[in-house]
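**Q** just to be clear, the model below is a prediction. Sequence and coordinates:
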Amino acid sequence: MNKHILIIDDDIKLIELLTEYLEQHQFKVSYILDGLNAVEVINGKMPDLVILDYMMPGKDGLDVLRDIRSRHDLPVIMLTARGDDTDKIVGLELGADDYLSKPFNPRELLARIKAVLRRQVAPSSTTAQKKDQILHMDDLILNRAAHTIEVKGRRMDLSTTEFNILDVLMKNPDRVLSRDQIMTMARGKDFMAFDRSIDIHISKLRSKIETDPSSPKRIKTVWGSGYMFVESL
């Protein structure tokens, strides 16, 4: 069955463009032009994912996101035409799964949709619990319960901050994360703000998990955007 995407945006031209593009990639698409009755529409349509604009008449995207999160746990990707990262951070804090700045390439949105939907697929009961505690990618094993990391069978000592950063990166493989996103996703794990020192922590992580830290293959720098953890080498 095709996945159903609900677009909430007041830009009808953008909606038409995205509808045509996403339908070409086997998605079912519906839309509404404001967020006033978003929860009621979601209750009726039960989409698999919502694309939500920040700036809309009547009710802005953050208020709509609060309404959605009060009732539903479905994934939400937010769109913003503003250059201020504050809105993006607040959106992530309120429960958005991802965000994209306008203008954007529809191919990038498609990639983000697929990535978010992949992360929503969860194995059942005991298997899910075990996989939730252990992340295993090639020769790299992260064990949340034991708070350990193994590289090629060798245990590495990581600081709490380094461990939490690696945990965030490994939970989001092949996805570019900005420094603000890494901070937001890791919040609640009891470490201090490290926005100005995150590059240092990444450097330390590379020295422990990369074969050649000067030419990293696992944690890639995406210039101007942030970092990306490569799942398969």
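**A** Cool, the structure landed.
**Q** neighbours of Asp11, just the number please.
**A** By other Cβ atoms under 10 Å, 17 other residues sit near Asp11. Placement of C-beta: from N, CA and C, glycine included.
**Q** sorry, slip of the keys, the one I care about is Ser232.
**A** 7.
**Q** likewise for Ala81?
**A** Other residues within reach of Ala81, judged by other Cβ under 10 Å, total 11.
**Q** not counting its neighbours along the chain, what's nearest it?
**A** In space, Ala81 comes closest to Lys102 once its chain neighbours are excluded; the distance is 4.3 Å by Cβ to Cβ, 6 or more residues apart in numbering.
**Q** wait, Leu205 sits on Leu166?
**A** Yes. Applying Cβ atoms under 8 Å as the test, Leu205 and Leu166 come out as touching, 5.8 Å apart.
**Q** quick one: end-to-end length of stretch 94-106, please.
**A** 25 Å (Cα to Cα, to the nearest Å).
**Q** model confidence over the top helix by length along the chain, on average?
**A** Secondary structure of the chain per DSSP state H: the longest helix is helix 106-120. The pLDDT scores in helix 106-120 average 86.
**Q** so which elements touch that helix?
**A** If contacts are counted by 3 or more Cβ pairs under 8 Å, 6 or more residues apart in numbering; DSSP states H and E, helix 106-120 sits against helix 12-24, strand 49-53, strand 76-80, strand 98-101.
**Q** again, only this time at 7 Å
**A** strand 49-53, strand 76-80, strand 98-101 (3 or more Cβ pairs under 7 Å, 6 or more residues apart in numbering; DSSP states H and E).
**Q** starting at the chain centroid, how far to the next helix or strand after the second one?
**A** Toward the C-terminus, strand 76-80 is succeeded by helix 85-93 as the next helix or strand (DSSP states H and E). The chain centroid and the centroid of helix 85-93 are separated by 12 Å under Cα atoms, centre = their mean, to the nearest Å.
**Q** show me which residues of helix 85-93 are buried.
**A** By 16 or more other Cβ atoms under 10 Å, the buried positions in helix 85-93 come out as Asp87, Lys88, Ile89, Val90, Gly91, Leu92.
**Q** distance of the residue nearest to the second one when sequence neighbours are not counted from Leu62?
**A** Beyond its immediate neighbours in the sequence, the residue positioned closest to Lys88 (Cβ to Cβ, 6+ apart) is Tyr99, lying 4.9 Å away. The gap separating Tyr99 from Leu62 is 12 Å, by Cβ to Cβ, to the nearest Å.
**Q** hmm, back to that, ok, now which ones touch the residue nearest to Ala81?
**A** Counting by Cβ atoms under 7 Å, 6 or more residues apart in numbering, Lys102 makes contact with Leu79, Thr80, Ala81.
**Q** the residue nearest to Lys88 against Ile89, yeah?
**A** No. Contact criterion Cβ atoms under 7 Å: Tyr99 and Ile89 do not qualify, at 9.3 Å.
**Q** any low-confidence regions in this protein?
**A** For the chain, the stretches flagged by pLDDT under 70 are 1, 82-85, 87, 119-132, 186-197.
**Q** domain ranges for it?
**A** Per automatic domain parsing, the domain ranges recorded for the chain read 4-120, 125-229.
**Q** report the secondary structure element holding Gln221.
**A** One correction, residue 221 is Thr, not Gln. With DSSP H and E as the criterion, Thr221 is inside strand 219-222.
**Q** quick one: contacts of that strand?
**A** Surrounding strand 219-222, the residues in contact under the criterion Cβ under 7 Å, 6+ apart are Leu169, Val176, Ile202, Leu205, Arg206, Tyr227, Met228, Phe229, Val230.
**Q** in JSON lines: the helices and strands packed on helix 106-120, plus mean neighbour count and distance to Ala146.
**A** Formatted as JSON lines, the helices and strands packed on helix 106-120 follow (neighbours: other Cβ atoms under 10 Å; distance: least, Cβ to Cβ, whole Å):
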{"stretch": "strand 49-53", "mean neighbour count": "24", "distance to Ala146": "34"}
{"stretch": "strand 76-80", "mean neighbour count": "23", "distance to Ala146": "33"}
{"stretch": "strand 98-101", "mean neighbour count": "18", "distance to Ala146": "30"}
